[in-house]
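Participant: what follows is a predicted protein model with its sequence.
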Amino acid sequence: MTSRTSDSPAPALGWLLLMPAVLGMLITLVLPTVLTIGFSLRSGGLEGPSRFAGADNYLRLFADDTFWPALGFTLSVTVMPLLVALVVAPPLALALDRGGTWVRRAGRILLSLFPVAFSPAAVAVSWLRGLRADADGPAAWAGSLADPATAPGTLRLIVAAATFGVVCALAVMAFLPALRGDAGVTPAMLAVGGIVALAAVAAGLQLFTLAQVLTGGGPMDSTQTLALLQYTFTWRAGHLGLGATLATVTGVIVWVLGIAATILAVASRMRLTLTPAPGREAHSDADPALSPVPGVPHTPAGPPVPDVPYEPAGSRPADFPYPSAGSRPADAPYASHLSGSYASAESPVPGAPYAPGKAPAPAGPYAPQGVDGAGTSGRRASAGGVAAGLVALAVVTVAAVAGSLPWLSGLFEPGETVAGPNVHLNTWLPAFAGALVSVGVAYLGALGIGGLRPLGRRSEWLLLPFAPWLFVGPGPLGIANWNTVRGLGLVDTFAALVPPLLVSVPALLVLTLLCKGLAERNTADLLSGVVKPSLPMAGILVVAVTLVNAQDLLWPLLVTQQPDLATAPLAQAMAAGRFPGGAADVGLATPLIPMALALAAVVAAQLLYLDRLALSVGRDTGSRSSVQDA
């Protein structure tokens with residue numbers, strides 16, 4: 001945190017930038033939540049009058065013989081993806097990191113394929129092809145979905161196999177920056193692991209598309225998930241109050257998980273920073289946030305340490321920029337309170353003593369990156385490290401491809417569809433519009449909280465009001481949002497396909513952590529030190545949220561039943577019900593052009609930006625704030 005005077009306009013500007021996110025939260029998160037709770041306290045159907053019922057719906061839900069089995073089954077489906085995220089992903093991330101630059105980048109590119117191409121509806125209809133009499137391979141497991149005794153176990157296996165690649169890829173992308181931070185690796189990995197675990201459980205509790213398309217909760221309610229049961233209560237049975245009650249119960253659990261994850265991130269002082277771009281001088285004037293010596297700007301009074309060899313016999317180069325202790329910049333954090341550092345100019349890198357005959361190796365994310373074979377420690381990767389990284393990547397890739405075989409084979413088979421001519425427009429334009437708005441609003445809020453720090457070192461606690469909705473999907477708020485859309489007369493219109501969300505809380509959290517890390521190292525103005533290096537992350541999140549929005553089934557299912565307005569996932573689900581045997585068009589949700597554009601964007605982001613991210617926890621000993629606080 002950069003200390004500011006009380007009359008500085010920065011805090012006021014920070015509050016101003018946060019206001020759109022606050023309004024978005026009130027309108028599209030708080031209000032639907034209040035409406036959902038209100039519906040849960042009333043009895044009645046989707047149409048007609050209703051009356052106040054108090055806690056009757058809750059007593060009825062907890063006494064219902066389908067609720068507890070649905071809760072237990074939903075939690076059981078979550079186990080395998082959770083194990084993948086916590087047992088498979090961390091060792092793979094470590095192997096890729098220790099394998100060096102090119103192994104790590106190859107892993108990033110290969111793993112990017114899975115989240116870009118993942119479509120739950122497409123995966124589900126591809127597995128339905130296993131219901132055919134001549135089905136073979138993994139898809140033949142789907143034949144067991146017709147038996148109540150075997151359907152739950154089969155659905156668990158299908159969910160685990162179908163999501164293995166995307167869960168592993170996303171978790172690895174979260175763990176890799178923690179291995180490159182400038183603080184302790186173990187605390188950072190533990191903090192990231194805690195957030196990943198909470199996110200996996202929250203996502204599992206809201207599982208809808210795979211279960212809806214594969215089994216619809218049957219046979220004999222043996223595969224009911226909480227989201228499916230809510231859909232059944234509300235739109236199949238017409239019990240609005242009971243459905244809202246289940247939405248509230250599910251929402252409370254997910255809210256607690258979101259609050260816990262946010263507290264973990266804030267309390268651990270989590271932050272994201274950027275390492276220098278490969279092949280670029282770490283002390284570039286154009287980007288003062290990337291100074292090779294944390295907290296030391298590239299100015300005439302204090303130039304960065306040049307990359308010159310050290311002379312033997314303990315001598316320093318004649319042109320060493322700090323020939324005496326009194327000549328260093330006044331704001332250079334070369335102080336004796338920094339652990340392991342010297343107060344004199346003998347050490348050009350804080351924390352690294354001057355060693356005769358050799359230059360100290362810079363540590364942390366500000367060490368020059370991009371050296372062939374160099375890992376996070378700055379050492380050249382060993383042949384064993386490269387081999388281990390490649391083997392680990394190969395094993396995980398083979399497992400992910402094996403789980404995706406039904407989908408891969410279905411892409412090359414003809415299929416039936418009930419989609420209209422504008423199906424791709426219906427799928428991608430509303431998804432992109434929703435992502436652009438929700439991430440854009442979140443970015444402004446992140447600049448306000450993390451970049452301008454209106455509450456000083458406690459600014460990140462401003463994320464806490466948003467925290468309950470960190471992991472909330474369309475399900476828990478679906479009833480209230482559907483009721484609002486119906487009240488506005490927008491059901492069965494193109495406008496209704498736009499996701500009803502004005503601020504993306506996950507994007508707000510990620511961008512705030514990045515703006516915080518950049519601001520702590522910033523020695524220039526907000527535009528060049530925080531906005532410029534953080535803007536690419538906002539663009540990356542727009543692409544990510546667009547992909548998530550486009551592959552959602554629940555919201556389009558609620559607001560339209562017209563084939564001409566169907567999105568690709570909705571058209572696939574409708575075709576799966578109309579054409580038995582899994583004859584739906586598997587490739588409808590992953591058209592070539594949008595997928596190619598998304599993949600190109602993701603690969604470029606991985607190589608040029610995401611591979612430079614470093615995540616740290618605890619006090620940033622290289623920032624100006626830590627020196628001032630001490």
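Facilitator: That came through, no problem.
Participant: contacts, neighbours, all on C-alpha from now
Facilitator: Noted.
Participant: show me the contacts for the residue nearest to residue 204 when sequence neighbours are not counted.
Facilitator: Nearest in space to residue 204, with sequence neighbours left out and distances taken as Cα to Cα, 6 or more residues apart in numbering, is residue 78 at 4.9 Å. Residues near residue 78 by Cα atoms under 8 Å, 6 or more residues apart in numbering: 200, 201, 204, 205.
Participant: again with residue 479
Facilitator: 36, 244.
Participant: that one and residue 607: what is the separation?
Facilitator: For residue 479, the distance to residue 607 equals 41 Å [Cα to Cα, to the nearest Å].
Participant: which residues of the stretch 351-500 of the chain fall in helices?
Facilitator: Here the stretch 351-500 of the chain has its helices, by DSSP state H, counting those that start in this stretch, at 383-403, 405-410, 423-446, 478-487.
Participant: in the stretch 1-150 of the chain, where is pLDDT below threshold?
Facilitator: 1-9 (pLDDT under 70).
Participant: ranges for the strands of it?
Facilitator: Secondary structure of the stretch 1-150 of the chain (DSSP state E, counting those that start in this stretch): strands at 42-43, 51-52.
Participant: which outside residues touch the first one?
Facilitator: Just to be clear, that refers to strand 42-43. Residues contacting strand 42-43 (Cα under 8 Å, 6+ apart): 50, 51, 52, 53, 54, 57, 239, 240, 241, 242.
Participant: go on, the last one?
Facilitator: When contacts are defined by Cα under 8 Å, 6+ apart, strand 51-52 is touched by residues 41, 42, 43, 44.
Participant: from those, which is closest to residue 126?
Facilitator: Distance to residue 126, by Cα to Cα, is smallest for residue 44 among the contacts of strand 51-52, at 38.4 Å.
Participant: for the closest one, phi and psi?
Facilitator: Dihedral angles of residue 44 (phi, psi; degrees, to the nearest 10) stand at phi 140, psi 170.
Participant: residue 273 now?
Facilitator: Per degrees, to the nearest 10, the backbone of residue 273 is at phi -140, psi 180.
Participant: next one: residue 566
Facilitator: Torsion angles, degrees, to the nearest 10, at residue 566: phi -70, psi 140.
Participant: likewise for residue 570?
Facilitator: Main-chain torsions, residue 570, degrees, to the nearest 10: phi -70, psi -40.
Participant: count the residues that sit near it.
Facilitator: 30 (other Cα atoms under 10 Å).
Participant: reformat the helices of the stretch 351-500 of the chain as CSV; add distance to residue 187 and mean pLDDT.
Facilitator: Below are those laid out as CSV (distance: least, Cα to Cα, whole Å; pLDDT from 0 to 100):
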stretch, distance to residue 187, mean pLDDT
helix 383-403, 23, 93
helix 405-410, 37, 87
helix 423-446, 24, 96
helix 478-487, 37, 94
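Participant: ok, now which ones touch the most centrally placed residue in the chain?
Facilitator: Central residue of the chain (Cα atoms, centre = their mean): residue 506, 6.5 Å from the mean position. By Cα under 8 Å, 6+ apart, the contact list for residue 506 reads 470, 471.
Participant: against residue 482, how distant is it?
Facilitator: For residue 506, the distance to residue 482 - Cα to Cα - is 23 Å.
Participant: repeat for residue 518
Facilitator: In terms of Cα to Cα, residue 518 sits 40 Å off from residue 482.
Participant: out of those two, which sits in the more crowded spot?
Facilitator: Each of residue 518 and residue 482 has its neighbours counted (other Cα under 10 Å); residue 518 has more, 28 against 19.
Participant: you'd agree that one is in a strand?
Facilitator: No - using DSSP: H, G, I helix; E, B strand; the rest coil, the assignment for residue 518 is helix, not a strand.
Participant: quick one: which of the contacts of residue 78 is nearest to residue 397?
Facilitator: residue 200 (20.4 Å).
Participant: run through who's touching stretch 544-558.
Facilitator: Among residues not part of stretch 544-558, those counted as contacts by Cα under 8 Å, 6+ apart are 116, 119-121, 208-209, 427-428, 430-432, 434-435, 439, 474-475, 478, 482, 497, 499, 566-570, 589.
Participant: just the contacts of strand 42-43: which are in helices?
Facilitator: 57, 240, 241, 242 (DSSP state H).
Participant: which two from the residues you listed end up farthest apart in space?
Facilitator: 57 and 240 (10.0 Å).
Participant: find residues that contact each of these two.
Facilitator: Common neighbours of residue 57 and residue 240 (criterion: Cα under 8 Å, 6+ apart): 40, 43.
Participant: next structured bit after the host helix or strand of the residue nearest to the centre of the chain?
Facilitator: Per DSSP states H and E, residue 506 falls inside helix 505-521. Counting by DSSP H and E, the next helix or strand C-terminal to helix 505-521 is helix 526.
Participant: centre of the chain to that following helix, how far?
Facilitator: 25 Å (Cα atoms, centre = their mean, to the nearest Å).
Participant: contacts for that helix next, please.
Facilitator: Residues contacting helix 526 (Cα under 8 Å, 6+ apart): 451, 519.
Participant: ok, now stretch 166-183?
Facilitator: Against stretch 166-183 from outside (Cα under 8 Å, 6+ apart): 81, 84-86, 88-90, 92-94, 97, 108, 111-112, 114-115, 118, 185, 188-189, 192-193, 196, 363-365, 376, 611-618, 620.
Participant: let me know the average pLDDT across it.
Facilitator: Across stretch 166-183, pLDDT averages out at 92.
Participant: and that stretch, C-alpha only, in CSV?
Facilitator: Output of stretch 166-183 as CSV, limited to C-alpha atoms (Å, rounded to 0.1, in the frame of the first residue of the first chain):
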residue,chain,number,x,y,z
VAL,A,166,-11.1,-28.9,-17.6
VAL,A,167,-10.9,-29.2,-13.8
CYS,A,168,-7.2,-30.2,-14.0
ALA,A,169,-6.4,-27.4,-16.4
LEU,A,170,-8.1,-24.6,-14.4
ALA,A,171,-6.5,-25.8,-11.1
VAL,A,172,-3.0,-26.0,-12.7
MET,A,173,-3.5,-22.4,-14.0
ALA,A,174,-4.3,-21.3,-10.5
PHE,A,175,-1.3,-23.1,-8.9
LEU,A,176,1.4,-22.1,-11.4
PRO,A,177,1.5,-18.4,-10.3
ALA,A,178,1.8,-19.5,-6.7
LEU,A,179,5.1,-21.3,-7.6
ARG,A,180,6.5,-18.1,-9.0
GLY,A,181,5.8,-15.7,-6.1
ASP,A,182,8.4,-13.7,-4.2
ALA,A,183,7.3,-15.0,-0.8
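Participant: buried sites along it?
Facilitator: 166-183 (16 or more other Cα atoms under 10 Å).
Participant: leaving out the residues flanking it, which one is nearest to residue 568?
Facilitator: residue 589 (4.9 Å).
Participant: I figured the one you found hits residue 570, correct?
Facilitator: No - if you go by Cα atoms under 8 Å, residue 589 and residue 570 don't touch, sitting 9.4 Å apart.
Participant: and residue 203, what does it touch?
Facilitator: residue 471.
Participant: could you do residue 107 as well?
Facilitator: Contacts of residue 107 by Cα under 8 Å, 6+ apart are 96, 393.
Participant: residue 256 versus that one, what's the distance?
Facilitator: Distance, residue 107 to residue 256, by Cα to Cα: 34 Å.
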